[in-house]
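S.K.: what follows is a predicted protein model with its sequence.
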Amino acid sequence: MNPIITSILDTDLYKLTQQQAAFHQYPKVNVKYVFKCRNKDIKLGGSMIPDIKEQVKAMSNISLTKQEKEYLSDLPFIKSDYLDYLEKYRFDPSQVRFTNINGEMGIEIVGLWVDTILWEVPLLAIINQIYFEKTSEFNSIKGMGEQILRDKINIIRQYPTFNFIDFGTRRRYSKDWQRHVVETLHKNCPQLIGTSNVKLAMDLDIKAVGSVAHEFTSAHIALTDNIREAQKRALYVWIQEYGKELGIALTDTFTTKAFYQDFNYNLANIYSGVRQDSGDPIEFGYNMIQHYKNLGIDPKTKHIIFSDGLDIPEAIKIYKEFTGMIGISFGIGTSLTNSLGVTPLNIVIKLVECNGMPVVKLSDNEGKAIGDVKVIERIKKAYNI
């Protein structure tokens, strides 16, 4: 077996930034994550589980290298005490628990938040790569992948001010294919302004991009006394940790309607912008612009990152709609790093429990909601949605 994950930095930047926040703010908090496959016609149990377990076991050998520590130390928002912690950090395979019921693979990750938070992205990448190694022959589809990539590049070249970021680590076809795609885009498209993958950013001298994910807001359901204060507390704690360095707020953890209720003038003024990850992007864009205007803030001084399952044509459509009205860029994932003519997996690992209490994510798409039904109803009632 050749290990798929060989670097602690082969992950998305927001996992490291959230781990640092947990290290400083919530070092004793316990959590549980669960795996979910949204592809209704695909079962991932059976022969895949032993291979995934072997890859998970191999991750215990990974440690932060001197070069990687030096790279992270140059990022202005990474603190030295966290780097010292990360240097000693080791993946603990005992935190990852598998089940196989009627061919359906189940995974739970349990432990301290600060220790378990790094499992999500590399584990999803492992599941993807093993699945595609078992179900497709790379050499037979590589040509199609190359043609699709060239077609995307030809479209992107027509729009010099169209800016996008590689968000494709979690659902990539393979580690090598993601590197090839990002390297090719970097050479041919100056519109590529960054990648969420920290290892690729370091190796290819591209900007590492990322800030926060849904789990940080979800966790605060258990970290505050009043469920109505959870999202606002998360937004303020993030600012306490990072100031304006990583000032992109995620809007849809409890639905965007709930977000608008909490995103007051003070927060909207501090945060440089927002990220849209579910719902209708055009509707969201106009509503966000109006929200800034209602607060007396010029939308042209703010930024939206659109990142909900985008491909290049859809991103171009949004770009044309909002150019000149507000700053815009695009986080594009699966359609870049897993576009070879095969059906991608739609798999996630989500936080469902914090300090023994159930936590949830709603989003603006019902199909993306995950977590305890009773807590979801409490959120809806608290925000009158």
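M.R.: Structure received.

S.K.: could you use CA atoms for every contact and neighbour count after this?
M.R.: Noted.

S.K.: residues contacting Lys175?
M.R.: Neighbouring residues of Lys175 by CA atoms under 8 Å, 6 or more residues apart in numbering: Ile4, Ala125, Gln129, Thr169.

S.K.: wait, Ile148
M.R.: Neighbours of Ile148 in contact, by CA under 8 Å, 6+ apart: Ser339, Leu340.

S.K.: wasn't it part of a helix?
M.R.: Yes. Counting by DSSP: H, G, I helix; E, B strand; the rest coil, Ile148 is part of a helix.

S.K.: regarding the residue lying farthest from the centre of the chain, what is its secondary structure?
M.R.: Among residues of the chain, the one most distant from the C-alpha centroid is Gly296; the distance is 30.7 Å, by CA atoms, centre = their mean. Recorded secondary structure, Gly296: coil (three-state DSSP).

S.K.: coming back round to it: farthest pair within the contacts of Lys175?
M.R.: Greatest spacing in the contacts of Lys175, by CA to CA: Ile4 and Thr169 (12.4 Å).

S.K.: those two - which one has more neighbours?
M.R.: Each of Ile4 and Thr169 had its neighbours counted (other CA atoms under 10 Å), and the higher figure belongs to Thr169 (29 against 20).

S.K.: if we can go back for a sec, from Leu185, how far out is the residue farthest from the centre of the chain?
M.R.: Using CA to CA, to the nearest Å, Gly296 is found at 39 Å from Leu185.

S.K.: ok, Ile107 next?
M.R.: 34 Å.

S.K.: re the thing from before, go through the contacts of Lys175 and say which is closest to Glu283.
M.R.: Closest to Glu283, out of all of the contacts of Lys175 and judged by CA to CA, is Thr169, at 27.7 Å.

S.K.: three-state assignment of the closest one?
M.R.: coil.

S.K.: please look at it and Trp177 and confirm they touch.
M.R.: No. At 10.3 Å, Thr169 and Trp177 do not qualify as touching, with contact defined as CA atoms under 8 Å.

S.K.: what sits in contact with each of those two?
M.R.: Thr337.

S.K.: give me the pLDDT value at the closest residue to Ala21 other than its chain neighbours.
M.R.: Once flanking residues are discounted, Ala21 sits nearest to Glu241: 6.3 Å by CA to CA, 6 or more residues apart in numbering. Glu241 carries a pLDDT score of 97 in this model.

S.K.: confirm that Glu241 sits in a helix.
M.R.: Yes. Counting by three-state DSSP, Glu241 is located in a helix.
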